[in-house]
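**Q** How does the following fold in three dimensions:
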Amino acid sequence: MKQGGGNIKVLEDGAYDIILDPDAPTITIIKTKAVTIDPYAAYTEVSTWSVIGSFNSWADDVEMVTNGTLHVAKAVAFNAGDEWKFRKDADWKENFGYADGVESYTLGEAFAMKQDGGNVKVLEDGVYDLILDPEAATATVIKSIAVEAGETPAPKPKPKSISLVGTLDAEGAWNTDHDLTNTSGDTWVIKNVTLTADDEFKLRADHDWGTAWGGPEANEKSTIDPENPYDVYAPTLGTAFNTGDKNIRVGVAGAYNITFTYGDKPTILIEEYKEFPDHVYMTGADFGNWFGEITGVVELTPVLHNPAWGANAEGQFWTVRYFKAGSGFKFNSAPEWNGNDFASLETNEGFTVNGGNCEVDADGFYMVHIDFKRSILHIEPAKVRLVGDCTGLGTDSWNVEKVEAATNNVFVADGTTLKVTLPAGGNLRMYAASAISTSDPWTREFNIYEDKIVYRGNGGDQTAVPVKAEQVVTLDFNAGTGSITGEGVGPTYKDVISVPGNWSQWDADAPKLSGDTKGLFAGALAMYGDNVEFKFIHDGSWIGGTAGEGLNYTLGASDNMTIAAGKYWWNVDLEKSTASAVLITSAGIMGSFNSWTDEVALQEQDDHTFVGEVQLGAEDEIKIRFNSNWDYALGGNPEALSAFGGNIKVATAGTYRLKLNLNARTLEVVPSN
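**A** Take a look at the predicted model:
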């Protein structure tokens, strides 16, 4: 080697050790010995355990490998604050999280885990190996050996902010960040950005040029400096494009919305910003006499818009009315003539324009759906449908495809009203279908209260309206009234009701309460974890509710109910739409072995079960009761205990070990060794 000598060129891809002797001066290059040892060489089998968490939206499990004892997830990239757990067979039935009292951990040191434990929180950004010992119920987190050994490239942590930077600032050009809003997951949005025809911009991460995104290719020239027409990218409005390193120039002065989707292949979407009216009114010969009679003017209902719930319906309005053929009507942003009236948009469907007014070809009920974002005015014969309990579709009652394919849930015209005979009982829910909808049925939902049609607002679900099968629902949209008539047929009830919640991963096959087939359900549950939320499921229908005083609830709303972690006796009455809970403080065995007098206590275990031992004679009968109160007792089949069951009989005399599992509704009765 020599001072100022030439650059050394690498002969082939690889990992090398470079050794310098400055006194000689010489250099030696050898294949590195540092990465020849695979730290996980013994982990040859794919594990049945995996890792899941907020870092992947609790969706796609990260595979683990095993040496038969330990299980390892290699090179998992986290951001600080991310949460995760281990689970087996991609199912929550067996899962490990923080044990009680564990809230943090030290890198490289094992910490305790337990079934249904708390989420493990990531301390700082980085790439980690996660090691699980299921038998010992411990986990260890280390900086990834795989990444340090060069075997697995470390994914970049996700950006904490995305901003737009460009020439759009008179002062501080290319130096002022305009932050986008993280609307959901990897989607970032900025609205109403004003651009000139010459403006150029890029997006960058964390207010730093280390990671930036522009257009993918050169298809236009810059116009900022006519003497320096360098390459830029001109996007097609409304079409997402992959990113590259070119400055982006829209080329037309205006206001724009910009959506950035982060990921392995980031994309940018640029759309023209349109300010939508807050209100839309319809008037005509039959609707307020052209604003002459204000009480007849129709105010269209906004399609509910909440992106967090998947309701992509910004700038949309709708109404259902009975129209007469050839009778004109039009729309305006105010209930008066203010110069903003219109009878058409860029796309017009299902009507004709005659003399500046809209007309339909035949008398009948029509759905009017206006989408300002797409500039569509769409009118079609109305299809008003039932959804949920009253469809009689059971577990498919909320499946949009099944609901839209059904025929007995559609309202039929009867003069100037719409009617339907309810196929099933439950809580009444109705909506107006639309061929141009971009959101779920609940965004165009309504119900009947005090004989009036009331439309659902953005504030949440509407109060439940319980009905019976074979009752008749009548709607008069022009008058804004509705009715529910007929005695109907009482509901049929199953013999169990499920109680899913975040404490049971919202599994529809959650722990159950037994029923008497008359609408009453009762039983004991162990509900655990932080901030317990829950609902009930009966015959495929999810039932929410609102809390009253103490541990009493009114059922019918779609809201999740909450309760403190603990063990509870539940009484649920679907006929009265009520539920109540009593905290369980003790469990015991009563029976003929002691003349049904002295209770034998069962001891609570860490796994939410109760165990005990009792001496029984041949043909002795027993029951379980809680809080030393016969109002809270279980019996019947030991493999499916019921609050309405009889005594449990033991055929053979002996000493028995009993194990009560509340959530499985089982009582193990096993002879003691």
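**Q** For the rest of this, base every contact and every neighbour count on C-alpha atoms.
**A** Will do.
**Q** Next one: the closest residue in space to Glu639 that isn't next to it in sequence from Gln615, what distance?
**A** Among residues not flanking Glu639 along the chain, Thr666 sits closest, at 4.7 Å (CA to CA, 6 or more residues apart in numbering). With the distance defined as CA to CA, to the nearest Å, Thr666 ends up 20 Å from Gln615.
**Q** Pick out whichever of those two has more residues nearby.
**A** Thr666 (18 against 14; other CA atoms under 10 Å).
**Q** List the contacts of the more buried one.
**A** When contacts are counted by CA atoms under 8 Å, 6 or more residues apart in numbering, Thr666 touches 638-641, 660.
**Q** Show me what it is bridged to.
**A** Beta-bridge pairing for Thr666 (DSSP bridges): Asn661.
**Q** Relative to Ala42, how far out is it?
**A** To Ala42, Thr666 is 41 Å away according to CA to CA.
**Q** and if you look at Gly515?
**A** Taking CA to CA as the measure, Gly515 falls 53 Å from Ala42.
**Q** go on, Leu269?
**A** As judged by CA to CA, Leu269 and Ala42 stand 47 Å apart.
**Q** ok, these two, which is more surrounded?
**A** Leu269 (18 against 11).
**Q** For that one, I want the exact helix or strand it lies within.
**A** Following DSSP states H and E, the helix or strand that holds Leu269 is strand 267-272.
**Q** what packs against that strand?
**A** Other helices and strands packing on strand 267-272, by 3 or more CA pairs under 8 Å, 6 or more residues apart in numbering; DSSP states H and E, are strand 241-242, strand 254-261.
**Q** In JSON lines: these, plus distance to Thr438, mean pLDDT and mean neighbour count.
**A** Output for the helices and strands packed on strand 267-272, formatted as JSON lines (distance: least, CA to CA, whole Å; pLDDT from 0 to 100; neighbours: other CA atoms under 10 Å):
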{"stretch": "strand 241-242", "distance to Thr438": "22", "mean pLDDT": "93", "mean neighbour count": "17"}
{"stretch": "strand 254-261", "distance to Thr438": "18", "mean pLDDT": "92", "mean neighbour count": "19"}
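**Q** Out of these, the one nearest Leu168 is which?
**A** Leu168 lies closest to strand 254-261 among the helices and strands packed on strand 267-272, at 11.9 Å (CA to CA).
**Q** roughly how far is the closest one from the heart of the chain?
**A** With CA atoms, centre = their mean, to the nearest Å as the basis, strand 254-261 stands 26 Å off its chain's centre.
**Q** partners of that strand, with directions?
**A** As assigned by DSSP bridges, strand 254-261 forms pairs with strand 187-195 (antiparallel), strand 267-272 (antiparallel).
**Q** Would you mind pulling the contact partners of the first one?
**A** Contacts of strand 187-195 from elsewhere in the structure, counted by CA under 8 Å, 6+ apart, are 162, 168, 179-183, 250, 252-262, 273.
**Q** can you do 6 Å?
**A** The set of residues external to strand 187-195 that reach it, using CA atoms under 6 Å, 6 or more residues apart in numbering, is 180-182, 253-261, 273.
**Q** The last one too?
**A** Contact partners of strand 267-272, identified using CA under 6 Å, 6+ apart, comprise 237-238, 240-243, 256-261.
**Q** ok, so of these, who is nearest Asp206?
**A** Once CA to CA is applied, the member of these that ends up nearest Asp206 is Phe260, at 14.1 Å.
**Q** For stretch 203-218, which residues meet the burial criterion?
**A** The neighbour-count check on stretch 203-218 (16 or more other CA atoms under 10 Å) flags 203-207, 212-218 as buried.
**Q** Export these as TSV, with columns for pLDDT and distance to Asn531.
**A** Conversion of these to TSV gives the following (pLDDT from 0 to 100; distance: CA to CA, whole Å):
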residue	pLDDT	distance to Asn531
Leu203	95	39
Arg204	93	38
Ala205	90	34
Asp206	90	33
His207	91	36
Ala212	89	40
Trp213	93	40
Gly214	94	43
Gly215	94	45
Pro216	92	46
Glu217	93	50
Ala218	93	53
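**Q** Identify the farthest-apart pair in these.
**A** Asp206 and Ala218, at 26.0 Å, using CA to CA across the buried residues of stretch 203-218.
**Q** Quick one, grab the pLDDT at the residue nearest to Asn627 when sequence neighbours are not counted.
**A** The shortest distance from Asn627 to any non-neighbouring residue, by CA to CA, 6+ apart, is to Ser586 (4.9 Å). If you check Ser586, the pLDDT there is 95.
**Q** How many residues are close by Ser586?
**A** If you count neighbours by other CA under 10 Å, Ser586 ends up with 16.
**Q** Name the nearest residue to Asn95, sequence neighbours excluded.
**A** Nearest to Asn95 is Arg87, by CA to CA, 6+ apart, at 4.0 Å.
**Q** Out of the helices and strands packed on strand 267-272, which gets nearest to Met282?
**A** The nearest among these, by CA to CA, is strand 254-261 at 28.7 Å.
**Q** ok, which stretches of the stretch 51-200 of the chain are helices?
**A** Taking DSSP state H, counting those that start in this stretch as the criterion, the stretch 51-200 of the chain contains helices spanning 145-148.
**Q** how many other residues sit next to Leu583?
**A** So Leu583, with other CA under 10 Å, has 17 neighbours.
**Q** picking that back up, and the residue nearest to Asn627, how far from Glu359?
**A** Ser586 is 72 Å from Glu359, by CA to CA.
**Q** what ranges do the strands span in the stretch 201-350 of the chain?
**A** Ranges of strands within the stretch 201-350 of the chain are 201-205, 208-213, 220-221, 231-232, 241-242, 254-261, 267-272, 281-284, 298-299, 301-302, 316-323, 329-332, 347-349, based on DSSP state E, counting those that start in this stretch.
**Q** And the first one, what does it pack against?
**A** Counting contacts by 3 or more CA pairs under 6 Å, 6 or more residues apart in numbering; DSSP states H and E, the secondary-structure elements packed against strand 201-205 are strand 162-166, strand 208-213.
**Q** Lowest mean pLDDT across those strands, which one is that?
**A** Taking the mean pLDDT of these, strand 208-213 comes last: a mean of 86.
**Q** Partner strands of it and their direction?
**A** Sheet pairing for strand 208-213, assigned by DSSP bridges, gives strand 201-205 (antiparallel).
**Q** Using the record's assignment, carve this structure into domains.
**A** The chain breaks down by automatic domain parsing into domains covering 45-146, 162-272, 281-380, 384-485, 496-583, 587-671.
**Q** In TSV: those, plus distance to Asp21.
**A** Formatted as TSV, those follow (distance: least, CA to CA, whole Å):
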stretch	distance to Asp21
domain 45-146	30
domain 162-272	35
domain 281-380	62
domain 384-485	70
domain 496-583	61
domain 587-671	64
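**Q** shaky segments in the stretch 151-300 of the chain?
**A** For the stretch 151-300 of the chain, the stretches with pLDDT under 70 are 151-157, 170-172, 184.
**Q** Now Ala587: closest residue in space that isn't a chain neighbour?
**A** Nearest to Ala587 is Phe626, by CA to CA, 6+ apart, at 4.5 Å.
**Q** repeat for Lys567
**A** Distances taken as CA to CA, 6+ apart place Ala526 nearest to Lys567, at 4.3 Å, with adjacent residues excluded.
**Q** what's the helix or strand hosting that neighbour packed up against?
**A** Using DSSP H and E, Ala526 sits within strand 520-527. Contacts defined by 3+ CA pairs under 6 Å, 6+ apart place strand 520-527 against strand 512-515, strand 566-573.
**Q** So what's the gap between it and the chain middle?
**A** Using CA atoms, centre = their mean, the offset of strand 520-527 from its chain centre is 26 Å.
**Q** what are the pairing partners of that strand, and which direction each?
**A** strand 512-515 (antiparallel), strand 566-573 (antiparallel).
**Q** Can you say which of those strands is nearest to Thr352?
**A** Nearest to Thr352, of these and by CA to CA, is strand 566-573 at 53.7 Å.
**Q** Could you list the buried residues of that closest one?
**A** Here strand 566-573 shows 567-573 as buried, counting by 16+ other CA under 10 Å.
**Q** Among those, which one sits closest to Asn447?
**A** Set against Asn447, the nearest of the buried residues of strand 566-573 by CA to CA is Asp573 (23.5 Å).
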